[in-house]
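> whatever this is, show me its structure:
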Amino acid sequence: MKIEALQGVMLALAAARSTPEVLRQIVEGIASCRNVVLARIWLTRSAADDRGERRWLELAASAGNPGPTRFDPTRLDGRFARFELGQGKVGRVAVTGVGVHFERLADDDGWIFDKDWAAAEGVASFAAQPLVARGETLGVLALFDRKPIPAADVAWLRTFADHAALAITNARAFEEIAELKRRLELENDYLRAEAAAPFHDILGNSPALQDVLRQIERVAPTDAGVLVLGESGVGKELVAHAVHARSARRERPLVRVNCGAIPGGLFESEFFGHVRGAFTGAIKDRVGRFELADGGTLFLDEVGEIPLEHQAKLLRVLQEGTFERIGETKTRKTDVRVIAATNRDLQREVERGRFRADLYYRLGVLPIEVPPLRERREDLPVLAQHVVALAARRLNVRAPRLTPAALDALAAYDWPGNVRELQHVLERAVILGRGKPLELGGLLPGAPSSPKAAAAARADEPLPTLAEFKRRERALIEAALERAGGKLSGPGGAAEILGVKPTTLASKLVALGLRAGRQRRTRG
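Next up is the predicted model:
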């Protein structure tokens with residue numbers, strides 16, 4: 001073994017920033033000496049289970065110069081991929097922290113595990129040193145050589161092992177910094193997504209919606225858990241955003257988890273995170289959603305989809321505020337407010353044994369039920385105007401005019417998909433209309449498919465009373481003023497939205513007893 005080679009490796013390690021790169025440079029640097037058969041590093045691993053903490057040595061890097069057997073020196077699996085602490089010479093080095101050196105393996109023939117391989121490769125000597133940094137044994141560095149390793153080289157190997165251990169520690173520190181940076185970037189992404197998400201304002205003046213808004217105002221300043229109930233598409237996530245935005249946690253992220261989209265085997269990793277090597281495919285540490293949402297709010301969408309076997313672990317972190325990453329014994333604390341949402345009847349799920357009663361009561365300190373759109377039809381004009389304006393802006397087209405016929409069609413439909421379906425229908429109408437007055441023919445069940453068909457359909461229908469006509473006219477003008485922020489004329493004004501002259505609209509306002517200026521807008 002050439003000492004000069006180790007000196008060169010020590011210099012190269014100073015510039016390495018990742019643990020895999022450090023390990024590779026160590027073993028390849030030692031293996032650059034052609035008489036070295038094999039250079040290997042085993043790192044200490046640990047995991048916790050019901051029996052307590054388990055620790056072992058796992059092969060993390062390997063390089064060498066194969067001879068007649070033509071073995072693969074980089075292979076990290078197989079018979080010697082793992083040692084229990086205390087097992088063999090390598091395991092004993094990890095436990096005692098004391099290196100071993102056999103200048104001539106023939107002097108300790110009983111120790112060799114694979115005598116045929118050693119004989120075929122001409123292995124003459126062996127040395128192993130613990131990788132110790134700041135009082136912690138990180139693993140074991142070992143090498144097999146075709147020549148006797150003199151005591152002077154073993155002393156150099158001890159110095160090299162100390163330097164290598166420090167390089168591994170530094171690389172892990174750099175990786176931790178990179179992980180923290182990535183976490184901050186994730187938090188920023190969540191904040192940007194929250195700020196950019198459309199339709200954050202809960203629009204409408206219906207009594208049913210006003211009741212929801214009052215509940216939000218009551219619960220938001222507290223840290224109580226909130227369970228948002230309602231049919232699919234009613235806007236449960238908007239309620240969660242509204243609660244978070246009005247809470248003391250609003251400066252921290254609102255982290256969303258779609259519980260229905262997580263494969264069963266990844267629930268713990270998604271919620272609590274994992275460490276590298278905790279399971280097959282865990283190639284690096286991962287931060288869980290509870291850790292990411294620390295200090296903020298965690299929104300568990302479709303919480304009724306969480307399998308029963310994982311509900312107990314979720315309940316524990318809600319009750320105690322502590323958790324462990326998979327494969328790690330360190331207990332971490334988290335300060336998270338949980339808002340859950342579901343379209344299931346959780347009370348019935350509890351009765352059927354598919355949802356834990358204690359978790360149900362923990363999540364639903366204050367349940368908020370969002371009414372379906374068919375129970376607040378009064379909100380349709382302002383909702384439709386808002387959706388159409390957003391769609392037109394996104395598609396870079398002129399916002400089409402909402403005609404009384406279109407409003408009638410919207411009001412006559414029951415909207416089983418609620419606001420989500422409304423958005424879908426109106427966005428399609430905007431695309432197909434290309435700036436013309438909004439037509440819903442063919443997009444809604446019962447809506448006429450053409451102007452002629454619409455006229456034919458209306459021929460047999462009773463005409464609206466004058467009072468009803470004025471009510472619809474008033475709702476449409478109010479919706480246009482709301483969209484225009486109270487602006488009557490000019491670009492983006494209510495007159496332009498309705499496709500009428502400003503003087504005509506002004507006359508209508510006087511007749512209906514309305515005023516221009518910023519209209520009242522309900523936020524939630």
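> tell me which helix or strand of the protein sits lowest on mean pLDDT?
helix 451-459 (a mean of 48; mean pLDDT, DSSP states H and E).
> and the next helix or strand past the longest helix seen in the chain?
Longest helix in the chain, counting residues (DSSP state H): helix 151-196. Under the assignment DSSP states H and E, the closest C-terminal helix or strand after helix 151-196 is helix 207-219.
> tell me which residues in that next one are buried?
Within helix 207-219, the residues scored as buried using 16 or more other C-beta atoms under 10 Å are 209, 212-213, 215-216, 219. In short, each C-beta sits where N, CA and C put it, glycine included.
> residue ranges of the helices in the stretch 351-500 of the chain, please?
Taking DSSP state H, counting those that start in this stretch, the helices of the stretch 351-500 of the chain run over residues 357-363, 380-395, 404-412, 418-433, 451-459, 466-483, 494-498.
> CSV for the ones you listed, including mean neighbour count and distance to residue 69?
CSV is the format used below for the helices of the stretch 351-500 of the chain (neighbours: other C-beta atoms under 10 Å; distance: least, C-beta to C-beta, whole Å):
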stretch, mean neighbour count, distance to residue 69
helix 357-363, 17, 57
helix 380-395, 20, 65
helix 404-412, 18, 78
helix 418-433, 19, 64
helix 451-459, 12, 84
helix 466-483, 17, 79
helix 494-498, 23, 82
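> need those helices in CSV (columns: distance to residue 94).
Shown next, in CSV, are the helices of the stretch 351-500 of the chain (distance: least, C-beta to C-beta, whole Å):
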stretch, distance to residue 94
helix 357-363, 42
helix 380-395, 60
helix 404-412, 71
helix 418-433, 57
helix 451-459, 82
helix 466-483, 70
helix 494-498, 75
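> circling back: could you say what helices and strands the longest helix of the chain packs with?
With contacts defined as 3 or more C-beta pairs under 8 Å, 6 or more residues apart in numbering; DSSP states H and E, helix 151-196 has these neighbours: helix 3-13, helix 19-31, strand 125-133, strand 136-145, strand 254-258, strand 286-287, helix 289-292.
> relative to strand 254-258, how tilted is that helix?
Compare the direction of helix 151-196 with that of strand 254-258 by axes from the mean of the first three to the mean of the last three C-alpha atoms, to 10 degrees and you get 90 degrees.
> between helix 19-31 and helix 151-196, find me the angle.
If you take the same axes, to 10 degrees, helix 151-196 sits at 160 degrees to helix 19-31.
> avg pLDDT for helix 151-196?
If you average the pLDDT over helix 151-196, you get 77.
> what's the answer for stretch 422-433, then?
On average, stretch 422-433 scores 86.
> gap between it and the chain center?
30 Å (C-alpha atoms, centre = their mean, to the nearest Å).
> on that earlier part again, what's the closest of the helices and strands packed on helix 151-196 to residue 299?
strand 254-258 (4.6 Å; C-beta to C-beta).
> so how many other residues sit close to residue 115?
When counting by other C-beta atoms under 10 Å, one arrives at 12 neighbours for residue 115.
> got phi/psi on residue 82?
Backbone dihedrals for residue 82, given as degrees, to the nearest 10, come out at phi -140, psi 140.
> residues contacting it?
Shown in contact with residue 82 (C-beta atoms under 8 Å, 6 or more residues apart in numbering): 56-59.
> among the residues you listed, which one has the most neighbours?
residue 57 leads those on contacts (other C-beta under 10 Å) with 27 neighbours.
> show me what that residue bridges to in the sheet.
Listed by DSSP bridges, the beta-bridge partners for residue 57 are residue 44, residue 83.
> thought it was touching residue 46?
No - with contact defined as C-beta atoms under 8 Å, residue 57 does not reach residue 46; the gap is 10.7 Å.
> sorry, back to before: adding pLDDT, write the buried residues of helix 207-219 out as a markdown table.
Shown next, in a markdown table, are the buried residues of helix 207-219 (pLDDT from 0 to 100):
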| residue | pLDDT |
| --- | --- |
| 209 | 91 |
| 212 | 93 |
| 213 | 92 |
| 215 | 94 |
| 216 | 93 |
| 219 | 93 |
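> ok, so of these, who is nearest residue 320?
residue 219 (22.8 Å).
> contacting residues for that closest one?
226, 243, 366, 368.
> pick out the lowest-pLDDT one from the residues you listed.
residue 366 (86).
> now the angle from the longest helix of the chain to strand 125-133?
40 degrees.
> any idea how far residue 155 is from residue 276?
Distance, residue 276 to residue 155, by C-beta to C-beta, to the nearest Å: 33 Å.
> right, I'll call it a day here.
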